[in-house]
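*Asks:* prediction below, plus the sequence it came from.
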Amino acid sequence: MTKTLRSKILKTALIPLILLSLLMNTIAAAARPTDSEDSSYFSAKSSLYNQDLALMLATLSEAAYNQADIKEALKNQGFDPESIETHNYSSSEKTDNKVGFAFAHKRISEAGSAYNLISITVRGTVANEWYSNFNIGLDTNDHAGFKAAENELLAAFNKYANDYDLTRRAENKIIITGHSRGAAVANLLAADLTKTRQHASKNNIYAYTFATPNTSKSAEVKNTQAYTNIFNFVNAEDFITHLPLSADDWNYGRYGITLTNNSSKTVQDAIDMLLELAPNTEVFYHTKYPSKPLSTDLTPQKYFEYVCDVLSRSSSAVPSALVLSVLATNTYYGGISKFLLKEIENIRSTHTMPAYRAWITSTPYEDFIKQ
């Protein structure tokens, strides 16, 4: 075979590969939002609900559970790969009040002006973080576990803004999102950034949170008009979002507008059982109930450590599930134990991001109950 013939064969073989590469690049470019698409998200005030933006942020919230996935998702949304920072993606201990999170930014154009679009995505609960979810705290307005995680995140964000010269407030637009534990931390963060307006004005802070637990009993939570830029999606059938409790002496809520639906009698009965067991945080932490057939009495807080074991699927999940089974006959913990044992898989499935995405996709804004 001559050299010329080999060269022709090689070139011929490469043509399909080159064409395939060009096609893949074209598809990837088409999948990325353009400046005009960015503008359609952010040309309106943040207090105006945008379903497309909600679903885009749902994608980021779902991707946040994996470090590689959130990096890829942010790149797919056109964020500068060099600007992406991730934090706390290693395993945590039971005592840690941490959360995983990612920052990124890019330049966008809107109405003839250039802005920094800054993304803050907060990871939902993984493994041992379930214990921090039940670290409610005493003598504090904000949920202690969520607030400690938010404080660390806010300090990291202030440093990020300084490191990347994102300190000119008038040039910034910020998107904040998260699911489950990440939603709770994102809710507190969005409220703090809205209050201080250090990094952007309220009109330029867009917060969408998914499966959001209650976060605070501060009087400010009731001031919905001050936080109309925060939208919290809460399926009332999702038992986890009812914690900490909102009723009676607990009095917890969320910052911003909660978009929800009606709960079933099953979920409401479980809430009533919890209220009877622990009418306030003092009882939750300090009142011990006889826990026969167990040999030791349990506070509600200690009882929920067993629940955390089951939810986290940790190494102690099976023994803890057996504890719940044993307590199903107990005078005090029997009702809630039966509910959890029966509904645990339904609780998990209702709480997932795919379930929330489907709900948001199929529900017009006017059909949500607003709280």
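*Replies:* Yes, it's here.

*Asks:* where does the stretch 1-150 of the chain have low pLDDT?
*Replies:* Low-confidence segments of the stretch 1-150 of the chain (pLDDT under 70): 1-39, 91-95.

*Asks:* all the strands of it, in order from the start?
*Replies:* 85-87, 101-110, 113-122 (DSSP state E, counting those that start in this stretch).

*Asks:* can you redo these as TSV with mean neighbour count and distance to residue 56?
*Replies:* Placement of C-beta: from N, CA and C, glycine included. Supplementary listing: those in TSV, determined by neighbours: other Cβ atoms under 10 Å; distance: least, Cβ to Cβ, whole Å:
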stretch	mean neighbour count	distance to residue 56
strand 85-87	18	19
strand 101-110	21	13
strand 113-122	21	10
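
*Asks:* closest one to residue 74 among the ones you listed?
*Replies:* With Cβ to Cβ, the closest approach to residue 74 among the strands of the stretch 1-150 of the chain belongs to strand 101-110: 4.5 Å.

*Asks:* beta partners of residue 87?
*Replies:* As for beta bridges, residue 87 partners with residue 101 under DSSP bridges.

*Asks:* OK, contacts around it?
*Replies:* Counting by Cβ atoms under 8 Å, 6 or more residues apart in numbering, residue 87 touches 100, 101, 102, 153, 156.

*Asks:* between these, which is nearest residue 266?
*Replies:* So of the contacts of residue 87, ranked by how close each gets to residue 266 (Cβ to Cβ), first place is residue 100, at 32.2 Å.

*Asks:* number of residues surrounding the closest one?
*Replies:* Residue 100 has 28 neighbours, counted by other Cβ atoms under 10 Å.

*Asks:* which neighbouring elements make contact with the helix or strand residue 182 falls within?
*Replies:* According to DSSP states H and E, residue 182 maps onto helix 181-196. Secondary-structure packing of helix 181-196 (3 or more Cβ pairs under 8 Å, 6 or more residues apart in numbering; DSSP states H and E): strand 113-122, helix 129-133, helix 144-163, strand 172-179, strand 205-210, strand 230-234.

*Asks:* walk me through which strands the first one pairs with, and which way each runs.
*Replies:* Neighbouring strands of strand 113-122 in its sheet, by DSSP bridges, are strand 101-110 (antiparallel), strand 172-179 (parallel).

*Asks:* next, the angle from that strand to helix 181-196.
*Replies:* Counting by axes from the mean of the first three to the mean of the last three Cα atoms, to 10 degrees, strand 113-122 lies at 140 degrees to helix 181-196.

*Asks:* may I have strand 113-122 exported as PDB, CA atoms only?
*Replies:* Extracted as PDB, the C-alpha positions of strand 113-122 are listed here (Å, rounded to 0.1, in the frame of the first residue of the first chain):
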ATOM      1  CA  SER A 113     -26.500  46.000  31.400                       C
ATOM      2  CA  ALA A 114     -24.000  43.400  32.500                       C
ATOM      3  CA  TYR A 115     -24.300  41.500  35.800                       C
ATOM      4  CA  ASN A 116     -22.600  38.800  37.700                       C
ATOM      5  CA  LEU A 117     -25.000  35.900  38.100                       C
ATOM      6  CA  ILE A 118     -23.900  34.000  41.300                       C
ATOM      7  CA  SER A 119     -25.200  30.500  42.000                       C
ATOM      8  CA  ILE A 120     -25.400  29.100  45.600                       C
ATOM      9  CA  THR A 121     -26.500  25.400  45.600                       C
ATOM     10  CA  VAL A 122     -26.900  23.600  49.000                       C
END
